[in-house]
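**Q** Show me how the following folds:
(chains A and B)
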2 protein chains.
Amino acid sequence: MPFKPNDNDQKAINTIRTLALDTVNKANSGHPGAPMGMAPVAHVLFSRFFQCNPQNPHWVNRDRFVLSNGHACALQYVLLHLLGYKVSIDDLKQFRQLESITPGHPELGVTEGIEVTTGPLGQGFANAIGLAIAQAHLGAVFNKDGYSLFDNYTYMFTGDGCLMEGVSAEAASLAGHLKLGNLIAIYDDNQISIDGSTAIAFTEDVGKRFEAYDWQVLHVENGNDDLKAISDAIEQAKAEKNKPTLIRLKTTIGYGSRDQGTHGVHGNPLKADDTVEIKKKFGFDPEQFFVVPEETKKIYSEIAQRGAEAEKKWQSQFNEYEQKFPEEAKDIKRRIDGKLPDGWEKALPEFKPSDDAVASRKLSEMILAKLSTVVPELVSGSADLTPSNLTRWKNAVDFQPKETGLGDYTGRYIRYGVREHGMGAIANGIAAYGGNLVIPAIGTFLNFVSYAAGAVRLAALSHLRVIWVATHDSIGLGEDGPTHQPIETVAHFRALPNCNVWRPADGNETSASYYVAMTSTHTPSILCLTRQNLPQLAGSSIEKASKGGYVLHEVENADVTLVATGSEVAIAVEAAELLEKQGLKARVSSLPCWEVFRAQSHEYKLSVLPDGAPIVSVEAYTTMGWAEWSHAHVGIDRFGSSGPAKKVYEFFNLTGPKVAERAQKSINYFKKLGHPVYSPVSHSINV
Amino acid sequence: MPFKPNDNDQKAINTIRTLALDTVNKANSGHPGAPMGMAPVAHVLFSRFFQCNPQNPHWVNRDRFVLSNGHACALQYVLLHLLGYKVSIDDLKQFRQLESITPGHPELGVTEGIEVTTGPLGQGFANAIGLAIAQAHLGAVFNKDGYSLFDNYTYMFTGDGCLMEGVSAEAASLAGHLKLGNLIAIYDDNQISIDGSTAIAFTEDVGKRFEAYDWQVLHVENGNDDLKAISDAIEQAKAEKNKPTLIRLKTTIGYGSRDQGTHGVHGNPLKADDTVEIKKKFGFDPEQFFVVPEETKKIYSEIAQRGAEAEKKWQSQFNEYEQKFPEEAKDIKRRIDGKLPDGWEKALPEFKPSDDAVASRKLSEMILAKLSTVVPELVSGSADLTPSNLTRWKNAVDFQPKETGLGDYTGRYIRYGVREHGMGAIANGIAAYGGNLVIPAIGTFLNFVSYAAGAVRLAALSHLRVIWVATHDSIGLGEDGPTHQPIETVAHFRALPNCNVWRPADGNETSASYYVAMTSTHTPSILCLTRQNLPQLAGSSIEKASKGGYVLHEVENADVTLVATGSEVAIAVEAAELLEKQGLKARVSSLPCWEVFRAQSHEYKLSVLPDGAPIVSVEAYTTMGWAEWSHAHVGIDRFGSSGPAKKVYEFFNLTGPKVAERAQKSINYFKKLGHPVYSPVSHSINV
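**A** Sure, this is the predicted structure:
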């Protein structure tokens, strides 16, 4: 049915504009420009195409909408309100107010209908690609002839800012390679960014660039008024099933304002008299605020109605499917409910001290191989370091377009290319598809997780279960040298709220790290894994390590507690043995995950790091942060060095004898003080 | 003179290959593939085009060479050896050995002739653009009719890995916009990355993408053998003065090996028998190692000779220039010597407590304006946040191609676009041009410095003076909310070695932060600046703050020390006043830069944070790390919140009364213990 826009469409568009204006004005803070410029495309998209059921925001096959230029969120909140999501006019009035559901940028988990957290530019762009990958994968796995359970579209709005960012470039290149036909990006080509005209810094031919990525590129020259052209472009985008589409839409930022088309309307509320004139121009009463005309209400309630019916139809399709394919249907339901398969954790290997020394990246490989058979939603991948990260299980199928001959969309191994930031943000999108539908595990060297810092931060803020397989986790990588040896990395991510950083010391701890990562449904995890072999430790267990910290080696009336993580735990054990030979009693505690350990009871923490004797930490990183747990810290407060791993460890005094020496010094110091030694844990709760 | 390659060229190429092989084999670690594939282009470039004087590696107008695919550094070390830099055969034999001058990836400062630190992919690509910007700028400022003092080329080798990274995409887009004609990138299109064929993840049309960026793109189809085509392409690249050039060079990775053209030759030494066969094939004795034929020595000594003569010619040109343009010549010499103009620091404003409260971003703007007039090498810029970062002084000229009508290359303000990572890596390249030739200051929100973590890390490792103007440094930015409010950011960069993180509390401290940043010639600085106003504090001074930490408010027999940074220092002062009303004596210390403070004497540090009373910290970030300085920590161990700044501060208990309460609690706890209170500083030196 050809689209004939009418007066009511125009009225709805102007309603979106004035509502967004009122929202920003009430807050006296926010971004009016993009909502006013993108109101037409938003209206056309939602009124003509978008499938969602505001009564059930979690319907699994809903279309996904991503506002990558998240500063335009007044637009998104207004749309959610009009569509009937739980965003009231009062919520719009609370825009950007403390702990409201309409914060300054869209946040997943805070507002119903928000699919991903955006604002940091470029992230939403890559998230959308993750959402599209999840859809393509689930479609390939579950759809059957006549049953298209997973076929939703992912629509994304994006602006100049997002497209200047490298993270979007990385993701776009991969999306083109992957031929994600259900992905439609609408580029608000308003030629304005904060500094002014894009002529000052962004003069590349964006369309040509996306063609180079093998996207379909469509152009709408008048995105302000030509609703039919917008509709036609979206139609054409939907029809192209073999490529993602970029619709380059020329709009005027702040359309209607006397300053339209300038950066003056980007990030500040418009002047009062400008607002009055705009409302008059659009046929609204400037004395009234937050007005939604009946005609607009009607259009949007019809959209909601259409969505509710679509879900109903989907549900009856699913019921039939369930009859014919009970196993698959059961799996879909389980995934939607966010439950892991019963007994999955039995696949995690346990180790005895007599077992071989193994690198924790290799232990991770063993675990991924086991999990791949029992957790079908686990989708692994690497940023072009597969043979180093060991993220790919044997016989894994690559997630690739079938025509490449390299795999197909049922594949559970994603070749991300050398694109760490893109990978991280795409994985966020995959995880954000919902429930347990897909659980992404992604590999790179620990040092290069920093390239993706922006994405890791948003995984944490968005409560997304993304599992980073971060190998080559220290100077233990050896010859590649200081450019590749993390020093600050772990401190960085430990300082990030809601991010579990694991540094397992042996096989049992590696299993524990996967156990907690898989079951931490609202937290990303970074598993820091060694290149070098690690012995299986006496005293470790999956259960104990799952607490984030535990006593590996207990002694009564200890003279010192040594506490370490990962590859340095074995060094601490060696130091303890040396101290014992000198008649000193040393306990050893392992602290594989600070965040999980912090969440334990005070009594438990104090039992691991007790009062009464000095505590000395050992970790091949910066010592910054360790004063939370220990009195003395053996670490590396400079960059690393290129050389064979063992020599580099010796160079930095990370050996049993040197740690024993340091422990001796600490014991002597506290003896001289002549009064009780308090654990930092003990202090921390009291002060 | 047309290029006619002869047998000696081929012999030299095979010498490079066998030397690189021997180097990697001796280390039993490293990357043989790219050196063998790129030996032909390396030889053609250096023998035919490259201008450098190995006797004076710091000659200012030398051509710059950047190996962006830094893992191929055996190639670069071999070239440096052949050219006569201080890299001996013995050094090649020490490849990847502890503290050698031939580490696993090239490091600026470690090896003469290495211009930038590479290895982390994409960084070198962007560094090269910074080097080219510095050349273009200095040429525009200093060259005169008949005197072309700054006209060197920047040559960069890059591979598939670099070109998949977003940081290179960001930088490439800007380089095209800036029309950097003296920049020549040679893309080793060997179609292999670690995971295998680029067909699995990198199928975009790279040439077309670079055309979209407005680069000249040239193609050499046989980079293994067609030396003339390589030479012609470089010639053509040099001739295009209005665009950067990408030469897409098809090569075979590991050329000569039986596994050539596969990822098997990428990152591991070749098998012994393979090496034997290769040497035989190339006419070398497989029983001999590290062999340089006389003919090759001759070619390379001629290159060095040519370079020495070029410098001589340049020097005599400079001498003439000095006669005619004594002021400019003096300035060039000063900059080459790395000296700031005499008395420059007098431009730093001082403040009295009675002066107005001002946001530190605004103080930074005042300082940049003053410095712009006395430090001509200061080149500022922003990642499209100029009106927020306030990095642009009045009447600044933009660094732009003249034909844009927006500025010219003499301009000292760079519009980086929304490209934080590219900006950081470009600034590293600008700083790496040498001495004080150009000092880059770059602006973004503190939270988005994280996008550039990879570049900040390399600035620190490479000892580059890059000044980050990082505004909107906390929850004090208010309504933009948790997506924009840093929590972990400062802890991250504090944990990074050789990186000064400043958080000034008022005008004097802001001046101090600039003073130390400008004079820390081998350290990057991140200046964390507020959006909100800060009062001018009683007790602050430039001199005191330049120590990184000092006593703002001293009291004898104090009950507590409050220590804070930035905007929270005024809160600590308020808390101290409240405590005094309750009869408790509170000292206040300010710690604007931990790294600089750490470098002070133990006695000094102890005077700032003394024994005898509890120390309570106040900072609107994660408390992680503070246990190094304080017993109790008031901070934010979760993500922030969207709302007006004042309300957000109250929400997080960051107010005078709440801090006073916390101090009271600490005082009571330590009183109960009944024995001396030790400062963490006191402990730290003893344990």
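**Q** Can you classify the residue nearest to A:G381 when sequence neighbours are not counted by secondary structure?
**A** Distance criterion C-beta to C-beta, 6 or more residues apart in numbering or on different chains; nearest residue to A:G381, sequence neighbours excluded, is A:I414 at 3.4 Å. Any C-beta I mention is one placed from the backbone N, CA and C, and that applies to glycine too. Secondary structure, DSSP: H, G, I helix; E, B strand; the rest coil: A:I414 is strand.
**Q** Just want to check the distance between A:S641 and B:P524.
**A** 21 Å (C-beta to C-beta, to the nearest Å).
**Q** So the two - more neighbours on which side?
**A** Taking other C-beta atoms under 10 Å in any protein chain shown, A:S641 and B:P524 do not tie; B:P524 has more neighbours (31 against 22).
**Q** Not counting residues beside it along the chain, what's closest to that one?
**A** Nearest residue to B:P524, sequence neighbours excluded (C-beta to C-beta, 6+ apart): B:A459, at 3.9 Å.
**Q** give me every residue that touches the one you found.
**A** B:424, B:427-428, B:431, B:466, B:499, B:524 (C-beta atoms under 8 Å, 6 or more residues apart in numbering or on different chains).
**Q** Pipe these into TSV and attach secondary structure and pLDDT per row.
**A** Putting these into TSV (DSSP: H, G, I helix; E, B strand; the rest coil; pLDDT from 0 to 100) gives the following:
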residue	secondary structure	pLDDT
B:G424	helix	98
B:A427	helix	98
B:N428	helix	98
B:A431	helix	98
B:V466	coil	98
B:C499	coil	98
B:P524	coil	98
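**Q** Can I take it that A:D473 is in a strand?
**A** No - checked against three-state DSSP, A:D473 lies outside a strand; its state is coil.
**Q** burial count for A:H522?
**A** Counted with other C-beta under 10 Å, residues neighbouring A:H522 total 11.
**Q** Kindly report the same for the one 3 residues further on.
**A** Using other C-beta under 10 Å as the criterion, A:S525 is surrounded by 26 other residues.
**Q** For it, which residues count as its bridge partners?
**A** Bridge pairing for A:S525 (DSSP bridges) gives the partners A:I467, A:N500.
**Q** That one and B:S193, how far apart?
**A** The value you get for A:S525 to B:S193, if C-beta to C-beta is used, is 27 Å.
**Q** A:G161 against A:N190, yeah?
**A** No - A:G161 lies out of contact with A:N190 (C-beta atoms under 8 Å); the separation is 10.8 Å.
**Q** re earlier: what separates the residue nearest to A:G381 from B:S193, distance-wise?
**A** Note on A:I414: its distance to B:S193, by C-beta to C-beta, is 15 Å.
**Q** try A:G130
**A** Taking C-beta to C-beta as the criterion, A:G130 is separated from B:S193 by 22 Å.
**Q** More neighbours: these two, which one.
**A** A:G130 (32 against 24).
**Q** How about the contacts made by the residue lying closest to the more buried one once chain neighbours are set aside?
**A** Leaving aside its sequence neighbours, A:G130 sits nearest to A:G429 (C-beta to C-beta, 6+ apart; 2.1 Å). Applying C-beta under 8 Å, 6+ apart to A:G429 gives the contacts A:66, A:116, A:126-134.
**Q** Buried only: go through these for me.
**A** Buried residues within the contacts of A:G429, counting neighbours by 16 or more other C-beta atoms under 10 Å in any protein chain shown: A:66, A:116, A:126-134.
**Q** before we move on, back to that, please list the members of the contacts of A:G429 that lie in helices.
**A** Among the contacts of A:G429, the residues falling in helices (DSSP state H) are A:126-134.
**Q** Helices of the stretch 351-500 of chain A, start to end?
**A** Applying DSSP state H, counting those that start in this stretch to the stretch 351-500 of chain A gives helices spanning A:360-374, A:386-389, A:420-431, A:446-449, A:453-462, A:489-495.
**Q** Can you check what angle separates the third one from helix B:453-461?
**A** With axes from the mean of the first three to the mean of the last three C-alpha atoms, to 10 degrees defining the directions, helix A:420-431 sits at 150 degrees from helix B:453-461.
**Q** List the buried residues of helix A:420-431.
**A** For helix A:420-431, the neighbour count (16+ other C-beta under 10 Å) marks A:420-431 as buried.
**Q** now the longest one
**A** Neighbour counts using 16+ other C-beta under 10 Å place A:360-372, A:374 of helix A:360-374 among the buried residues.
**Q** what about the residue in chain A positioned nearest to chain B, how many neighbours?
**A** Ranked by C-beta to the nearest C-beta, the top residue of chain A for proximity to chain B is A:G166, at 2.0 Å. For A:G166, the number of neighbouring residues by other C-beta under 10 Å comes to 31.
**Q** residue contacts, it?
**A** A:122, A:421, B:165-170, B:419, B:421-422 are the contacts of A:G166 under C-beta under 8 Å, 6+ apart.
**Q** Just the buried positions in the worst-scoring helix or strand of chain A on mean pLDDT, please.
**A** Here the helix or strand of chain A ranked lowest by mean pLDDT, DSSP states H and E is helix A:680-686, holding a mean of 83. Within helix A:680-686, the residues that qualify as buried are A:680-684, A:686, counting by 16+ other C-beta under 10 Å.
**Q** Does it reach chain B?
**A** Yes - residues of helix A:680-686 are located near chain B by C-beta under 8 Å from any C-beta of the partner chain, namely A:680, A:683-684, A:686.
**Q** how many other residues sit next to A:L654?
**A** Neighbour tally, A:L654, other C-beta under 10 Å: 23.
**Q** Is it correct that it falls within a strand?
**A** No - A:L654 is assigned coil when assessed by three-state DSSP, not a strand.
**Q** From the chain's centroid, how far away is the longest helix along chain A?
**A** Under DSSP H, the helix in chain A containing the largest number of residues is helix A:294-324. What separates the centre of helix A:294-324 from the centre of its chain is 30 Å, taken as C-alpha atoms, centre = their mean, to the nearest Å.
**Q** What of stretch A:201-220?
**A** 26 Å.
**Q** got it, and stretch A:309-325?
**A** Relative to the centre of its chain, stretch A:309-325 is centred 31 Å away, using C-alpha atoms, centre = their mean.
**Q** so where is chain A shaky, pLDDT-wise?
**A** Counting by pLDDT under 70, chain A has low-confidence residues at A:1-2.
**Q** quick check: domain ranges of it?
**A** Domains of chain A are assigned by automatic domain parsing as A:7-310, A:344-534, A:548-686.
**Q** Could you dump those into TSV with distance to B:T655 added?
**A** Output for these, formatted as TSV (distance: least, C-beta to C-beta, whole Å):
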stretch	distance to B:T655
domain A:7-310	14
domain A:344-534	21
domain A:548-686	22
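**Q** Highest mean neighbour count out of these?
**A** For the domains of chain A, the largest average neighbour count (mean count of other C-beta atoms under 10 Å in any protein chain shown) is found in domain A:344-534, namely a mean of 24.
**Q** which residues are there in the stretch 51-200 of chain A that come within reach of chain B?
**A** For the stretch 51-200 of chain A, the contact set with chain B under C-beta under 8 Å from any C-beta comprises A:70, A:96-100, A:103-105, A:107, A:117-122, A:160-162, A:164-170, A:173-174, A:176-177, A:193-195, A:199-200.
**Q** Unless I'm misreading it, A:K279 sits right up against A:L19, doesn't it?
**A** No - using C-beta under 8 Å, A:K279 is not in contact with A:L19; the gap is 11.0 Å.
**Q** backbone phi and psi for the nearest residue to A:L591 once chain neighbours are set aside, please?
**A** Of all residues not flanking A:L591 in the chain, A:G549 sits nearest, at 4.2 Å (C-beta to C-beta, 6+ apart). Phi and psi for A:G549, reported as degrees, to the nearest 10, are phi -170, psi 150.
**Q** so who does A:G549 touch?
**A** Counted by C-beta under 8 Å, 6+ apart, A:G549 has contacts A:563, A:589-594, A:596-597, A:600, A:605, A:608-609.
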